Structures are given as structure tokens and as C-alpha cells.
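Engineer: got a predicted model here, sequence first, then my questions.
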Amino acid sequence: MSISVDDAVAVDVTIDDHEMHVRIRDGRTISASLERFPRLARASVEDRAEWRLIGSGEGIHWNRLDEDVSIAGLLQLR
């Protein structure tokens with residue numbers, strides 16, 4: 001089953017040393033390599049951990065890093 005962009009609303013984000021994992025409202029998780037997000041890849045653990053959902057979960061924003069990632073964009077990487 002694929003996730004449509006209309007249904008893809010983030011509810012949580014975790015980042016490890018290699019990947020970003022975004023939990024979608026329906027319980028599935030989208031994972032993407034940090035290599036695709038140089039600012040996140042170079043950031044400290046503390047800076048990566050300070051994120052907030054934007055647009056009712058349609059994207060993620062890291063204020064300290066001036067970085068935004070859209071859920072639709074993550075789905076296109078798959």
C-alpha cells in the first residue's frame with residue numbers, strides 16, 4: 001500500500017546517526033538517509049532534536065538550522 005501525499009501527515013520525527021524517521025498519522029514510518037539533507041547531517045544531536053511540525057504536519061522545521069522538509073518531498077525520495 002502506498003502513502004498518498006494527501007494522507008501523509010507527520011506526527012513524530014526521530015533522527016539517528018544515518019537516517020531521519022518520520023512517523024505518519026496512520027502509524028507507518030518514512031525513513032530517509034541524512035545524506036540527502038546536508039544541514040541535518042552536519043548538525044549536532046541537540047540541533048537535530050529541536051524540530052517542530054509545520055502546516056498541520058505537512059512538514060518539519062528546524063529553527064536553529066533554518067531547514068524545512070516537506071512530507072511530500074520525503075515521499076518523492078522513495
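Structural biologist: Now that the structure is in, tell me what you want to look at.
Engineer: center of this protein - which residue?
Structural biologist: Central residue of the chain (CA atoms, centre = their mean): Val22, 5.1 Å from the mean position.
Engineer: for that residue, which three-state class applies?
Structural biologist: strand (DSSP: H, G, I helix; E, B strand; the rest coil).
Engineer: so what's it up against?
Structural biologist: Residues in contact with Val22 (CB atoms under 8 Å, 6 or more residues apart in numbering) are Ala10, Asp12, Val13, Thr29, Ile30, Ser31, Ala32, Ile60, Ile71, Leu74. In this view, the C-beta of every residue, glycine as well, is placed from N, C-alpha and C.
Engineer: what's the answer for Glu58, then?
Structural biologist: Under the contact definition (CB under 8 Å, 6+ apart), the residues listed for Glu58 are Ala8, Val9, Ala10, Ser70, Ile71, Ala72.
Engineer: still on that earlier bit, now, which of the contacts of Val22 lie within helices?
Structural biologist: With helices defined by DSSP state H, the entries of these inside them are Ile71, Leu74.
Engineer: follow-up on the earlier one: any idea how far the residue nearest to the centre of the chain is from Glu67?
Structural biologist: Per CB to CB, to the nearest Å, Val22 is found 14 Å from Glu67.
Engineer: one more: Ser33?
Structural biologist: As for Ser33, its distance to Glu67 is 15 Å (criterion: CB to CB).
Engineer: tell me which of the two has more neighbours.
Structural biologist: Glu67 (17 against 11; other CB atoms under 10 Å).
Engineer: pretty sure the more buried one sits against Pro38.
Structural biologist: No: the criterion here is CB atoms under 8 Å, and Glu67 misses it with Pro38 at 9.3 Å.
Engineer: ok, which stretches of the protein are strands?
Structural biologist: 10-15, 19-24, 29-33, 52-54, 59-62, 67-70 (DSSP state E).
Engineer: for stretch 51-65, buried residues please.
Structural biologist: Counting neighbours by 16 or more other CB atoms under 10 Å, one finds that the buried residues in stretch 51-65 are Trp51, Leu53, Gly57, Gly59, Ile60, Trp62, Leu65.
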